[in-house]
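Novice: sequence and predicted model, in that order:
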Amino acid sequence: MITTIENIWEYYREDLNLAEEKMSEILKTVAPAISLVGNHLFSSGGKRIRPFLAILCARMFGTRGDRVSTLASSVEFIHAASLVHDDVVDGASLRRGRPAAHSLWGNQVVVLVGDFLYANALRLANLLESQGIMDALCTATAKMSEGELIQLSKQGSPDMTEEDYMKIIRGKTAILMSAACKGGAALGGASKEEEAALASFGLKFGYAFQIADDILDYAAQEKAFGKSLGKDLEEGKITLPLIYLLRDAESGEAARIKEIIGAEDKTGSDLAYVQSLFEKHGSINKSSQRAVAFLNEAKAELDIFKDSMEKASLLAIADYAVTRKK
């Protein structure tokens, strides 16, 4: 059975291409900025994990075709819209190693393109005439905004708890992955038990994925990662490695870390100091263990399904999420 990530993506290339074609067609509008910004976003790489989850969950029940590509496109439009809005809020200069859209076209244009993507995502979802899918995607869209607002309210706050962090990443990442899986299952005609299992798989996978992504901000190879390492620290974002470090650090170390978090300008030596404490207290390893725990819970949700290419692919993608280096 094909289970390497590269081969899995190639095996399902036709399904992914259908979604890509649908998205490209929608981006061809009378407003040139939509095509320009949209093509910039969708040509910058990325594994299309969210639409792929929808495709795999539908195919677990033998379902393919236009309705599945419609759902996959809707999910990816929601994700893309959230990215362009997040980059504006964060003032991020890079996205996947390329200039962020707002740095090329300005905030006004990019925010409006994000609105266009959100609107078309929900328009596409409505075409499926499934109240369950519509509810899942609308809820995900609302919760994503809530997650970003919670993160913004906690920015630069060294007192942020692990519980706060989990609320943020549930909204930022996990809830849309859950909706993608639930939507695919619904299109496939899954039972309520099967739909719930896949929705739970997506949620727990999303937790693992985001924790791993936050670890990469401190541990990846900068060239491969596509953004400056320590960017979260520079922006005052408190993620799990930093939460664990503040919990375990000695009093003097914790005081210095808090000074760095609160500083308007952070230096390379500040990041190096934090990195040295990560190593001393094992904060990265502890965060990785938390991600692996979510990963194992996610994979266990698939136990009710018989072996198939789709099940094997979901398991492989789950492993990839935690072990990837970029």
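Specialist: Yep, it's here.

Novice: in the helix or strand where residue 77 lies, what's buried?
Specialist: For residue 77, the element it lies in under DSSP states H and E is helix 66-90. Of the residues in helix 66-90, 67-90 count as buried by neighbour count, 16 or more other Cβ atoms under 10 Å. C-beta coordinates here come from the backbone N, C-alpha and C atoms, glycine included.

Novice: could you do stretch 179-191 as well?
Specialist: Along stretch 179-191, these residues count as buried under the neighbour rule (16+ other Cβ under 10 Å): 179, 180, 181, 182, 183, 184, 185, 186, 187, 188, 190.

Novice: identify the residue nearest residue 245 in space, chain neighbours excluded?
Specialist: residue 283 (4.2 Å; Cβ to Cβ, 6 or more residues apart in numbering).

Novice: can you put the buried residues of stretch 179-191 in JSON lines and add distance to residue 269 and secondary structure?
Specialist: JSON lines is the format used below for these (distance: Cβ to Cβ, whole Å; DSSP: H, G, I helix; E, B strand; the rest coil):
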{"residue": "179", "distance to residue 269": "43", "secondary structure": "helix"}
{"residue": "180", "distance to residue 269": "42", "secondary structure": "helix"}
{"residue": "181", "distance to residue 269": "44", "secondary structure": "helix"}
{"residue": "182", "distance to residue 269": "47", "secondary structure": "helix"}
{"residue": "183", "distance to residue 269": "47", "secondary structure": "helix"}
{"residue": "184", "distance to residue 269": "48", "secondary structure": "helix"}
{"residue": "185", "distance to residue 269": "50", "secondary structure": "helix"}
{"residue": "186", "distance to residue 269": "52", "secondary structure": "helix"}
{"residue": "187", "distance to residue 269": "53", "secondary structure": "helix"}
{"residue": "188", "distance to residue 269": "54", "secondary structure": "coil"}
{"residue": "190", "distance to residue 269": "53", "secondary structure": "coil"}
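
Novice: want to try CSV for these, with distance to residue 116 and pLDDT as columns?
Specialist: Putting the buried residues of stretch 179-191 into CSV (distance: Cβ to Cβ, whole Å; pLDDT from 0 to 100) gives the following:
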residue, distance to residue 116, pLDDT
179, 20, 98
180, 21, 98
181, 26, 98
182, 25, 98
183, 21, 98
184, 25, 98
185, 28, 98
186, 26, 97
187, 25, 97
188, 29, 96
190, 32, 97
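
Novice: low pLDDT regions in the stretch 151-300 of the chain?
Specialist: For the stretch 151-300 of the chain, the stretches with pLDDT under 70 are 220-229.

Novice: show me the helices in it, by range?
Specialist: In the stretch 151-300 of the chain, the segments counted as helices under DSSP state H, counting those that start in this stretch are 162-169, 175-187, 192-219, 222-225, 231-234, 240-248, 251-262, 268-281, 283-300.

Novice: reformat those helices as JSON lines; add distance to residue 132.
Specialist: Listed next are the helices of the stretch 151-300 of the chain as JSON lines, based on distance: least, Cβ to Cβ, whole Å:
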{"stretch": "helix 162-169", "distance to residue 132": "24"}
{"stretch": "helix 175-187", "distance to residue 132": "5"}
{"stretch": "helix 192-219", "distance to residue 132": "8"}
{"stretch": "helix 222-225", "distance to residue 132": "37"}
{"stretch": "helix 231-234", "distance to residue 132": "35"}
{"stretch": "helix 240-248", "distance to residue 132": "32"}
{"stretch": "helix 251-262", "distance to residue 132": "42"}
{"stretch": "helix 268-281", "distance to residue 132": "43"}
{"stretch": "helix 283-300", "distance to residue 132": "21"}
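
Novice: residue 127: which of those is closest?
Specialist: Closest approach to residue 127 among these (Cβ to Cβ): helix 175-187, 12.0 Å.
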